[in-house]
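Colleague: Sharing a model that was predicted from the sequence below.
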Amino acid sequence: MKTKILSLPDLKKAGQKKEIESVPVCKPTDYLLSWGRDKTFAIRTYGCQANVRDSEIIRNYLLSLGMKEKEDFSGADFVLFNTCAIRENAENHLYGELGLCKKAYDNKRDMIIAVCGCVVQEEEATRYILEHFKHVSLIFGTSRINSFYYLLQDCLKEKMRIVDVSSTSFSLLKEPVGSVASRFSKHKAFVNIMYGCDKFCTYCIVPYTRGRERSRDKEDIIKEVEELIKLGYKEVTLLGQNVDAYGKDKGEKYAFASLLEEVAKTGIKRIRFTTPYPSDFNPEVFQVMAKYNNIMPSIHLPIQSGSDEILKKMNRRYTSKEYLDIVKLLREKLPDVALTTDIIVGFPNETEEDFLKTLDIVNEVKYDSAYTFIYSKRPGTPASKLYDNVSESVKHERFDRLKKIIDFYAEENAKKYVGKTTEVLFDTVSKRDKTMISGYNPQGKLVHVKGDESILGQIRKVEIQTSHTYSLIGEIKDE
Ligand code: 5AD
Ligand code: SF4
């Protein structure tokens, strides 16, 4: 099959600031509507919530063609891999899956296999996929979601492999609204408030794969939340790589605090947001959080390292002391807040002393939980050029030591809920035991109770009886 290249990524260009263009939602064509009837699709999503939201949008584009979704990719007419590039192992996992998909393709040669998301924004990765996975026939970038129908049509009509992964034009998407924008969950919805990242932490590939920070219009966000309320949604999570930088690209100050307040005023039952950047976090946000009880007291505040030397090398724009001051203020304003974080161990040349400073911070903050990672070298990032004198075994050993302490505090924090009553939004039936249902409390703790499907979508009071490291078990308390 021939390859038609509309655009290829270029990591060097990806770091540059670009004009922002607004791209309208794409519309199905008659050709696709007649092709889509009786066809099936399967989607595999890797990585963060931004990818989940992108997959939801593409899924709706496919459903709007009359296509049916299936779990398994064998036998599907269209298969999409929405990829994550944040660490090398996510990328390797993708290549394994693409290899497995070859068998399904051999049994169904008209299957369209598409790859999108962050991995294809890397030049080398796109070239590697084109060369090694000839059964992949559509590759498109993170700013090309609203061109999806046109790309798919091109691929089907011209019987060519289509590649459209531009790094130079970072479009601001207009998102579909109303029921066509629907989510994977019936009760909880992710709502993008901004795209991209301007922080350029030296280890991170995101600014190159998702482009510069672009904030959505406040009116569009509020309209979307109001639509979600009408559709019966109970919870929204406002999404952005650095949500507290919302509006900065438009020259607005404290815009996140005022956006949060307006979202709170819509009356949606629960609001969460992720992820704030420590030095952009400001007391205005804490005040809004304290004022509205539909804003959940749970904050994910990535520290990355406790060593000021390492933070500097990471280009994080705060010191450990400044971070701790924010935590102190936050806890003063919101005494019942749950705090979680991200930590990277084994950044190039991290010393034992640096690592111990990270443990000091963990011991001081006593996080409710944390995502811990071993540093992974990402092509094109400044840190990938650093000489590294830390061996893999030392990195693993530090990772294990850190994980033990994180688990210890998670367990300690979970114990505090035993004997207390907490509110839970139920949204899942256990796959193994249909009589168990689960959901999250305001602090983001996973809670399991005996119950049935009829309770899904409800916020109920639960008395906690037992705690585990990362979950609580209780009983619904009827009023
Ligand atoms: N290696 C390891 N972890 C990383 N993260 C981002 N880039 C890397 C990398 N190159 C982690 C950070 C970030 C989280 C989403 O992923 O901790 O907060
Ligand atoms: Fe990556 Fe840093 Fe941006 Fe987060 S803030 S996405 S870690 S560059």
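Modeller: Right, received. Where do you want to start? Ligands and ions are numbered 1, 2, ... in the order given.
Colleague: so who does residue 240 touch?
Modeller: 192-195, 246, 273, 275 (Cβ atoms under 8 Å, 6 or more residues apart in numbering). Where C-beta positions appear, they are placed from N, C-alpha and C, glycine not excepted.
Colleague: after the lowest-mean-pLDDT helix or strand in the chain comes which helix or strand?
Modeller: Every helix and strand in the chain was compared by mean pLDDT, DSSP states H and E; the lowest is strand 172-173, with a mean of 68. For strand 172-173, the following helix or strand on the C-terminal side (DSSP states H and E) is strand 188-192.
Colleague: Starting from that next one, tell me which strands it pairs with and how they run.
Modeller: Strand 188-192 pairs in its sheet with strand 235-239 (parallel), by DSSP bridges.
Colleague: on that earlier part again, ok, of the contacts of residue 240, which one's closest to ligand 1?
Modeller: Checking the contacts of residue 240 against ligand 1 with Cβ to the nearest ligand atom, the nearest one is residue 275 at 7.1 Å.
Colleague: Distance from the chain centre to the longest helix along the chain, please.
Modeller: In the chain, assigned by DSSP state H, the helix with the most residues is helix 392-415. Distance of helix 392-415 from the chain centroid (Cα atoms, centre = their mean, to the nearest Å) equals 23 Å.
Colleague: out of the contacts of residue 240, which are buried?
Modeller: With burial judged by 16 or more other Cβ atoms under 10 Å, the buried subset of the contacts of residue 240 is 192-195, 246, 273, 275.
Colleague: Among those, show me the least confident.
Modeller: Lowest pLDDT among the buried ones among the contacts of residue 240: residue 195, with 90.
Colleague: With adjacent residues omitted, what lies nearest to that one?
Modeller: With sequence-adjacent residues excluded and distances taken as Cβ to Cβ, 6 or more residues apart in numbering, residue 195 is closest to residue 214, at 5.1 Å.
Colleague: Let me know the average pLDDT across stretch 349-365.
Modeller: 98.
Colleague: one step back: dump the contacts of residue 240 into a markdown table; add distance to residue 400 and secondary structure as well.
Modeller: Conversion of these to a markdown table gives the following (distance: Cβ to Cβ, whole Å; DSSP: H, G, I helix; E, B strand; the rest coil):
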| residue | distance to residue 400 | secondary structure |
| --- | --- | --- |
| 192 | 36 | strand |
| 193 | 37 | coil |
| 194 | 36 | strand |
| 195 | 36 | strand |
| 246 | 37 | coil |
| 273 | 31 | strand |
| 275 | 25 | coil |
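Colleague: What is the nearest of the residues you listed to residue 437?
Modeller: Set against residue 437, the nearest of those by Cβ to Cβ is residue 273 (25.6 Å).
Colleague: For beta bridges, what are the partners of the nearest residue to that closest one once chain neighbours are set aside?
Modeller: Counting by Cβ to Cβ, 6+ apart, residue 238 is the residue found nearest to residue 273 once chain neighbours are left out, at 4.1 Å. Under DSSP bridges, the beta-bridge partners of residue 238 are residue 191, residue 273.
Colleague: Residue 238 contacts residue 276, correct?
Modeller: No - judged on Cβ atoms under 8 Å, residue 238 makes no contact with residue 276 at a distance of 10.3 Å.
Colleague: The closest residue to residue 285 other than its chain neighbours sits in which helix or strand?
Modeller: Once flanking residues are discounted, residue 285 sits nearest to residue 257: 4.7 Å by Cβ to Cβ, 6+ apart. Assessed by DSSP H and E, residue 257 sits inside helix 255-265.
Colleague: Closest to residue 424 out of the contacts of residue 240?
Modeller: For the contacts of residue 240, the nearest to residue 424 is residue 273 (19.7 Å; Cβ to Cβ).
Colleague: What distance do you get for the closest one to residue 99?
Modeller: 38 Å (Cβ to Cβ, to the nearest Å).
Colleague: tell me which residues in the helix or strand harbouring residue 221 are buried?
Modeller: Residue 221 is part of helix 218-230, with elements assigned from DSSP H and E. Of all the residues in helix 218-230, those buried under the rule 16+ other Cβ under 10 Å are 218, 221-222, 224-225, 228.
Colleague: hmm, who's touching it?
Modeller: Here helix 218-230 makes contact (Cβ under 8 Å, 6+ apart) with 174-175, 177-178, 181, 189, 191, 193, 236, 238, 255, 259, 262-263, 266-268.
Colleague: Wait, residue 113 touches residue 105, no?
Modeller: Yes - counting by Cβ under 8 Å, residue 105 is a contact partner of residue 113 at 6.3 Å.
Colleague: joint contacts of these two?
Modeller: residue 135.
Colleague: can you give me the helices for the protein?
Modeller: With DSSP H as the criterion, the chain has helices at 11-14, 30-36, 49-63, 88-107, 123-132, 148-158, 206-209, 218-230, 255-265, 283-291, 308-313, 320-333, 352-365, 392-415.
Colleague: Which residues of the stretch 101-250 of the chain lie near ligand 1?
Modeller: Proximity of the stretch 101-250 of the chain to ligand 1, by Cβ under 6 Å from any ligand atom, involves residues 203-204.
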